[in-house]
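1. Just a sequence and a predicted model for now, questions to come.
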Amino acid sequence: MKSILKTLENIAYEAGKIIIEGFHATKEIRHKGAVDLVTQYDVQTENYIIEFLSKHFPEYQLVGEESYSGEDIKGKVIYIDPIDGTTNFIHGLPHVALSIGMYCDGDGVAGVVYNPILEEMFVAQKNQGAYCNGVALHTSNTDSLQQALIATGFPYVKVNKGIEYQWVIDAMREILPHIRDIRRFGAAALDLCYLAQGKVDGFYEIDLKPWDVAAGAIILQEAGGKISSLGGCKYHFANKSIVASNGHLHDMLIEVLPILQ
């Protein structure tokens, strides 16, 4: 198992060099949607990771953000997000990361989230704990929602101003009076890692994809955190919502968030 995690770390470190190069370079920006962006560095990073993983883990299906076809995936799977936080990347903000999450029959095996700009390597493997640059991670001990710093993100569908857009507005209105403050970093994988690190105390979002949370979920749970759907049920990648916490605040966080119709 340690050799698996080390291999994933090495892949992430090498692929991170592409992100560093692109961070300081002129970018070719393509629109996948009104506000959903992709650059040549997203594609180059994913291609590099896929090529490397194919050689080392041929028995695994590889699912990447820039190559996902939408089919249901079972068995041994590795979820890849080449650049989580592409909008940050384009604007020169350092909250960007690549994410690699390894799963077997729906259970997390190992995960790596690497921010090469800030040189933060978050790693975890099942039943072996979570670490950032070799330092063990554990969620915060905050047990009062009023003292909690909560992270969130906004779905791309907000531009349609439909049900999801309204839910985001309602959620902010409902939760803000009950917490210390809220943060929107723009990279769900890092949100989960910051939660694992104890920098924030909770996280919620809707309309995330498997690669957004696959690695971060493993890291968070190995650090003592909890993840569920908005309804409090076990989280599955097919769920429309995710709520994550340090464990102490989970039920309280769910209670103050509105129901998603």
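-> Structure received.

2. Provide the secondary structure category for the most centrally placed residue in the chain.
-> When C-alpha atoms, centre = their mean is applied to the chain, the residue found nearest the centroid is residue 189 (2.1 Å). Per DSSP: H, G, I helix; E, B strand; the rest coil, the secondary structure class of residue 189 is helix.

3. Now do it, the pLDDT please.
-> Note on residue 189: pLDDT of 98.

4. give the contact list for it.
-> 81, 84, 97, 99, 113, 212, 213, 215, 216 (C-beta atoms under 8 Å, 6 or more residues apart in numbering). For glycine as for every other residue, the C-beta is placed from the backbone atoms N, C-alpha and C.

5. Report the secondary structure state of the nearest residue to the last one once chain neighbours are set aside.
-> Just to be clear, that refers to residue 216. Using C-beta to C-beta, 6 or more residues apart in numbering and skipping residues adjacent in sequence, the residue nearest residue 216 is residue 192, 3.0 Å away. In three-state terms, and counting by three-state DSSP, residue 192 is helix.

6. was I right about residue 192 contacting residue 221?
-> No - counting by C-beta atoms under 8 Å, residue 221 is not a contact partner of residue 192; they are 9.4 Å apart.

7. The worst-scoring helix or strand of the chain on mean pLDDT pairs with which strands?
-> Taking mean pLDDT, DSSP states H and E as the measure, the chain has strand 29-31 as its least confident helix or strand, at a mean of 78. Neighbouring strands of strand 29-31 in its sheet, by DSSP bridges, are strand 37-39 (antiparallel).

8. Look at residue 192 and residue 221 and report which has more neighbours.
-> residue 192 (32 against 22; other C-beta atoms under 10 Å).

9. contacting residues around the more buried one?
-> Contacts of residue 192 by C-beta under 8 Å, 6+ apart are 113, 203, 213, 216, 217, 219, 220, 225, 244.

10. Just these: which are in helices?
-> 213, 216, 217, 219, 220 (DSSP state H).

11. list the helices and strands the helix ranked longest in the chain packs on?
-> Secondary structure of the chain per DSSP H: the longest helix is helix 2-23. Under the contact definition 3 or more C-beta pairs under 8 Å, 6 or more residues apart in numbering; DSSP states H and E, helix 2-23 sits against helix 40-56, helix 86-91, strand 97-104, strand 107-115, strand 120-125.
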